[in-house]
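Asks: sequence plus predicted model, see below.
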Amino acid sequence: MALTEMQKMLAGSLYDPADPEIQAAQAEAKQWMARYNAALAASAAERRALLRERFAEVGDGAVIRPPFHCDYGSNIRLGAGSFLNFNCVILDVVEVEIGEAAQIGPGVQILTADHPRDQEGRESGLEFGRPVRIGRHAWIGGGAIILPGVTIGEGAVIGAGSVVTRDVPPGATAFGNPARVKGGG
């Protein structure tokens, strides 16, 4: 039996983002984001209830300050006590896991969506995704960009404005463009 485009997407295989099922899921996410981002003045508990409507998992005490943007929301797992500051973007075509007590600064982008590297592949319009994992107690400085397929280890620190192109070991400090490990780990 052939996989649907949504099943291909969730498996990290090449998929067609123009597929009607995928477009419908994104439309639902946009409606949810409008509600969530309008809840800036709501309590953290009220916003957490909204997150639980959409996300795969939301641990106790998890906070995302609006505005917040994502592709689906349903592929995001937030550990207990995790915190995302204003203006974070998560492109969650596959799973994004944010560990317990992880701290993520304002304007951070977490990207799982990827594209073929060859021109012909890009012209096909097909995309694929690679999961991102952020460990417990990691700290990501404001404006950092986490690229597809990256794992940031437990307790790691990512400097503000860094572009993380490869895995960062537990306890390491990485910064720069591209981010390089400068200590720990």
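Replies: Arrived safely.

Asks: can you pull out the low-pLDDT segments for the chain?
Replies: Scanning the chain for pLDDT under 70 picks out 183-185.

Asks: torsion angles phi and psi at the residue nearest to V93 when sequence neighbours are not counted?
Replies: Nearest residue to V93, sequence neighbours excluded (C-beta to C-beta, 6 or more residues apart in numbering): G129, at 3.7 Å. All C-beta spots, glycine's among them, are computed from the backbone N, C-alpha and C. Here is the backbone geometry of G129 (degrees, to the nearest 10): phi -130, psi 150.

Asks: so what's N177 up against?
Replies: 161-163 (C-beta atoms under 8 Å, 6 or more residues apart in numbering).

Asks: ugh, typo on my part, it should be S124
Replies: S124 touches P116, counting by C-beta under 8 Å, 6+ apart.

Asks: just the contacts of N177: which are in helices?
Replies: Among the contacts of N177, no residue falls in helices (DSSP state H).

Asks: so V96 is in contact with R130, correct?
Replies: No - counting by C-beta atoms under 8 Å, V96 stays clear of R130, with 10.6 Å between them.

Asks: looking at the two, which is more packed in?
Replies: More crowded of V96 and R130, by other C-beta atoms under 10 Å: V96, with 27 against 16.

Asks: re the thing from before, what is the burial count for the residue nearest to V93?
Replies: 27.

Asks: that one and Y72, how far apart?
Replies: Distance of G129 to Y72, given as C-beta to C-beta, to the nearest Å: 11 Å.

Asks: okay, and the common contacts of these two?
Replies: Joint contacts of G129 and Y72 (C-beta under 8 Å, 6+ apart) are V93.

Asks: quick one: contacts for the residue nearest to G141 when sequence neighbours are not counted?
Replies: The spatial neighbour of G141 that comes closest, neighbours along the chain excluded (C-beta to C-beta, 6+ apart), is A160 at 3.2 Å. A160 is in contact with 105, 141-144, 175, counting by C-beta under 8 Å, 6+ apart.
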